[in-house]
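In: Give me the fold of what follows.
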Amino acid sequence: QVQLVESGGGLVQAGGSLSLSCAASGSIFSINDMGWYRQAPGKQRELVALITNSGTTNYGDSVKGRVAISRENAKNTVYLQMNSLKPEDTAVYYCNAGVIDRGYRIYWGQGTLVTVSS
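Out: The predicted model follows:
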């Protein structure tokens, strides 16, 4: 079994910055893609950022230019640096990871709330 634990959410004023981290632990041989998604009240979950195990990144249109995703493969950890935050960035942020261990499975974290005040 694999657990993903996110940290770093909280309350920030518009224009501010926030960093999130997500550490995977458990039965892990390797991890392919790691990513961050978010879900605001009444909306569908959407991609924030994705990073492959070789470091290729992909960002959602609504956050391009304002966020940066990175990872430490040795620590099975993914990070999300968010800058110039807007009230519409308020959401629960979830990390996920495609884990290889006697098979392939995508795991999700429990989510961390980010609230941006105007």
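In: Just the element for the residue located most distally from the centre of the chain, please.
Out: For the chain, the largest distance from the centre (C-alpha atoms, centre = their mean) belongs to Arg102, which lies 24.6 Å off. In the assignment (DSSP states H and E), Arg102 maps to no helix and no strand.
In: was I right about Leu20 contacting Tyr79?
Out: Yes. Counting by C-beta atoms under 8 Å, Leu20 touches Tyr79, with 6.9 Å between them. Where C-beta positions appear, they are placed from N, C-alpha and C, glycine not excepted.
In: Counting neighbours, go ahead and name the busier of these two.
Out: Neighbours around Leu20 and Tyr79, counted as other C-beta atoms under 10 Å, are more numerous at Leu20. The numbers are 23 against 20.
In: The more buried one and Val2, how far apart?
Out: Using C-beta to C-beta, to the nearest Å, Leu20 is found at 19 Å from Val2.
In: Thr77 now?
Out: From Thr77 to Val2 the distance is 13 Å (C-beta to C-beta).
In: between these two, what contacts are shared?
Out: By the contact definition C-beta atoms under 8 Å, 6 or more residues apart in numbering, Thr77 and Val2 are jointly contacted by Ala24.
In: Okay, and the closest residue to Ala68 other than its chain neighbours sits in which element?
Out: Spatial nearest neighbour of Ala68, excluding adjacent residues (C-beta to C-beta, 6 or more residues apart in numbering): Gln81 at 4.6 Å. Gln81 belongs to strand 77-82 when assigned by DSSP H and E.
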